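Visitor: structure here, sequence nowhere to be found:
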């Protein structure tokens with residue numbers, strides 16, 4: 001229990017505000033995207049700038065409070081909120097400054113990809129970001145950052161060129177090629193293990209209108225569609241990023257579909273030619289592929305399918321290959337899916353994202369492959385058991401076909417030391433050394449935790 005006098009002292013130093021359970025706005029501030037988590041922090045600090053972050057981190061350390069960092073609040077594992085500790089809320093920190101001449105951008109940690117894309121698109125620029133616009137830039141980038149531009153421009157983390165970081169001691173440091181290059185390396189995929197990033201700096205790329213959308217077929221054609229998806233992805237250009245999947249119709253009808261989702265970031269003429277084969281395959285019941293802005297692409301395709309407050313339980317792993325056996329297992333498991341909000345997504349990982357060395361960033365998975373995401377999503381708590389059981393059963397059925405690599409941003413209950421070591425692979429020991437230097441007491445542990453050894 002934190003004394004009232006200590007809380008008043010903290011509030012007196014903040015530009016932002018402090019909330020306790022008795023305050024108006026507390027319940028809304030503590031809620032995160034995943035409705036599975038109903039946790040109640042003792043204190044929520046709503047920061048307006050880096051100085052507020054420093055004071056909150058020092059306060060948590062001084063009073064031995066568990067520290068949760070909320071930026072976008074999309075942590076599917078619920079790591080952005082805690083019970084009884086201090087929730088450091090960055091959602092009001094949304095400053096974004098674009099340098100169109102230098103093709104760079106600085107953005108505060110509370111910005112979402114929707115905020116980010118809106119500002120950079122004014123100058124015809126973008127970088128790889130999330131496929132759901134309400135996702136925060138912070139968590140996605142620090143975990144690696146798969147997205148529609150990764151085939152051409154690499155991951156979000158690959159485009160991170162600088163950061164301002166509040167460390168466990170309450171100091172402020174800069175990570176860049178010139179200032180603590182090793183910390184920058186760790187932030188490129190090593191998660192929130194090393195401090196609170198208050199500002200991010202990214203490299204931007206010219207991105208005009210793209211060719212994007214979804215083509216869907218009746219689920220009875222699922223085997224043909226997924227085999228076609230495998231065939232097409234064997235030779236796609238960097239500009240074309242494709243997802244395949246078994247999904248439910250977005251109208252809530254429960255109709256099951258086999259879909260290919262595309263984004264081509266080349267010229268519109270190249271995009272039309274590059275997606276023509278996908279549009280011509282079979283007799284689709286839905287075809288929305290066409291010209292769109294990049295910002296709209298990151299809003300229109302997936303946003304409606306991931307509403308705030310829905311209950312989510314995900315499992316994920318890269319696949320060794322998209323074999324016929326994998327396809328048959330996906331179809332069999334989707335047939336018994338208990339929720340019309342759930343689906344199975346295959347993210348094709350290729351191009352520029354695979355041409356970076358395993359040790360060049362903390363994110364180690366650089367082999368062309370497919371990332372499998374098992375999305376179990378529903379609305380009513382009484383349905384928890386059957387939806388969680390379906391996700392686990394689907395994962396277990398596909399386990400023989402999985403690679404060792406996994407995408408840490410999608411993990412839920414796999415937060416064991418072995419699972420984290422597997423996610424970081426050969427880079428784990430180097431991450432431990434960085435953790436030992438910057439956070440030897442593991443203040444920042446509500447994440448895909450790299451545990452210190454000092």
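Guide: Arrived safely, thanks for sending. Keep in mind that this is a model prediction, so the values were computed, not measured.

Visitor: which regions of this protein sit below the pLDDT cut-off?
Guide: Within the chain, the stretches with pLDDT under 70 are 413-415.

Visitor: let's see 90
Guide: Flagging of the chain using pLDDT under 90 yields the residue ranges 1-3, 250-254, 304, 320, 404-406, 408-423, 454.

Visitor: for it, longest helix please?
Guide: Criterion DSSP state H: the longest helix present in the chain is helix 384-398.

Visitor: chain center to that one, what's the gap?
Guide: Relative to the centre of its chain, helix 384-398 is centred 21 Å away, using Cα atoms, centre = their mean, to the nearest Å.

Visitor: so for the chain, the centremost residue is which one?
Guide: The centre of the chain sits closest to residue 140, judged by Cα atoms, centre = their mean, with a distance of 3.6 Å.

Visitor: quick check: closest non-adjacent residue to residue 391.
Guide: Distances taken as Cβ to Cβ, 6 or more residues apart in numbering place residue 376 nearest to residue 391, at 3.8 Å, with adjacent residues excluded. Placement of C-beta: from N, CA and C, glycine included.

Visitor: ok, which stretches of the stretch 251-400 of the chain are helices?
Guide: Secondary structure of the stretch 251-400 of the chain (DSSP state H, counting those that start in this stretch): helices located at 268-280, 294-300, 324-335, 384-398.

Visitor: where do the helices sit along the stretch 101-250 of the chain?
Guide: 113-121, 137-142, 150-153, 181-187, 222-233.

Visitor: deepest-packed of those helices, please.
Guide: Greatest average neighbour count among those goes to helix 137-142 (a mean of 29), per mean count of other Cβ atoms under 10 Å.

Visitor: what is that helix packed up against?
Guide: Applying 3 or more Cβ pairs under 8 Å, 6 or more residues apart in numbering; DSSP states H and E, one finds that helix 137-142 contacts helix 113-121, strand 196-203.

Visitor: run the chain-centre distance for the longest one.
Guide: Meaning helix 113-121. Between the centre of helix 113-121 and the centre of its host chain there is 16 Å, according to Cα atoms, centre = their mean.

Visitor: same deal with the last one?
Guide: Chain-centre distance of strand 196-203: 15 Å, with Cα atoms, centre = their mean.

Visitor: that one - contacts with which helices or strands?
Guide: Strand 196-203 makes packing contacts with helix 50-62, strand 104-108, helix 137-142, strand 160-166 when contacts are defined by 3+ Cβ pairs under 8 Å, 6+ apart.

Visitor: that one vs strand 160-166, what angle?
Guide: 160 degrees (axes from the mean of the first three to the mean of the last three Cα atoms, to 10 degrees).

Visitor: for strand 196-203, which outside residues touch it?
Guide: For strand 196-203, the surrounding residues in contact (Cβ atoms under 8 Å, 6 or more residues apart in numbering) are 49-50, 53, 57, 69, 88, 90, 93, 103-109, 127, 137-138, 141-142, 156, 159-166, 172, 176, 187, 444.

Visitor: kindly report the same for stretch 220-230.
Guide: 217, 242, 244, 246, 258-260, 281-282, 322, 324, 327-328, 330-331, 334, 346.

Visitor: still on that earlier bit, quick one: closest of the helices of the stretch 101-250 of the chain to residue 356.
Guide: Closest to residue 356 of the helices of the stretch 101-250 of the chain, according to Cβ to Cβ: helix 150-153, at 10.7 Å.

Visitor: what packs against the closest one?
Guide: Packing contacts for helix 150-153, counted by 3+ Cβ pairs under 8 Å, 6+ apart, involve strand 240-248.

Visitor: how deep is residue 267 tucked in, by neighbour count?
Guide: Using other Cβ atoms under 10 Å, residue 267 has 15 neighbouring residues.

Visitor: separation between it and residue 106?
Guide: 29 Å (Cβ to Cβ, to the nearest Å).

Visitor: kindly report the same for residue 322.
Guide: Separation of residue 322 from residue 106 (Cβ to Cβ) stands at 39 Å.

Visitor: which one's more surrounded, those two?
Guide: Set residue 322 next to residue 106 and count neighbours by other Cβ under 10 Å: residue 322 wins out with 23 against 16.

Visitor: these two touch, right, that one and residue 368?
Guide: No. Using Cβ atoms under 8 Å, residue 322 is not in contact with residue 368; the gap is 11.2 Å.

Visitor: distance to residue 211 for the helices and strands packed on helix 137-142 - can I get that in TSV?
Guide: Below are those laid out as TSV (distance: least, Cβ to Cβ, whole Å):
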stretch	distance to residue 211
helix 113-121	16
strand 196-203	23
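
Visitor: burial check on residue 129, number of neighbours?
Guide: Count around residue 129 with other Cβ under 10 Å applied: 30.

Visitor: please look at it and residue 140 and confirm they touch.
Guide: Yes. Between residue 129 and residue 140 a contact is recorded at 7.0 Å, counting by Cβ under 8 Å.

Visitor: what touches both of these two?
Guide: Jointly contacting residue 129 and residue 140 under the rule Cβ under 8 Å, 6+ apart are 113, 147, 156.

Visitor: now do the contacts for the first one.
Guide: Counting by Cβ under 8 Å, 6+ apart, residue 113 touches 129, 130, 132, 133, 134, 135, 136, 137, 140, 298.

Visitor: for PyMOL, write the select line for the buried members of the contacts of strand 196-203.
Guide: Selecting only the buried entries of the contacts of strand 196-203 in PyMOL, with 16 or more other Cβ atoms under 10 Å as the criterion:
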select buried, resi 49+50+53+57+69+88+90+93+103+104+105+106+107+108+109+127+137+138+141+142+156+159+160+161+162+163+164+165+166+187+444
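
Visitor: just give me the neighbour total for residue 3.
Guide: For residue 3, the tally of surrounding residues (other Cβ under 10 Å) stands at 9.

Visitor: next, give phi and psi for it.
Guide: Main-chain dihedrals, residue 3, degrees, to the nearest 10: phi -70, psi 150.

Visitor: do residue 4 as well
Guide: Here is the backbone geometry of residue 4 (degrees, to the nearest 10): phi -60, psi -40.

Visitor: any idea how far it is from residue 11?
Guide: From residue 4 over to residue 11 (counting by Cβ to Cβ), the distance is 10 Å.

Visitor: and those two? which has more neighbours close in?
Guide: Neighbour totals were compared for residue 4 and residue 11, and residue 11 leads with 16 against 9 (other Cβ under 10 Å).

Visitor: the more buried one sits in which helix or strand?
Guide: Using DSSP states H and E, residue 11 sits within helix 4-13.

Visitor: pull the distance from that helix to the chain's centre.
Guide: Helix 4-13 sits 34 Å away from the centroid of its parent chain (Cα atoms, centre = their mean).

Visitor: and it, what's buried?
Guide: Neighbour-count burial for helix 4-13, counted by 16+ other Cβ under 10 Å, picks out 7, 10, 11.

Visitor: likewise stretch 425-437?
Guide: 425, 427, 428, 430, 431, 432, 433, 434, 435, 437.

Visitor: quick check: beta-bridge partners of the residue nearest to residue 391?
Guide: residue 313 (DSSP bridges).

Visitor: how far away is it from residue 302?
Guide: Applying Cβ to Cβ to residue 376 and residue 302 gives a distance of 16 Å.
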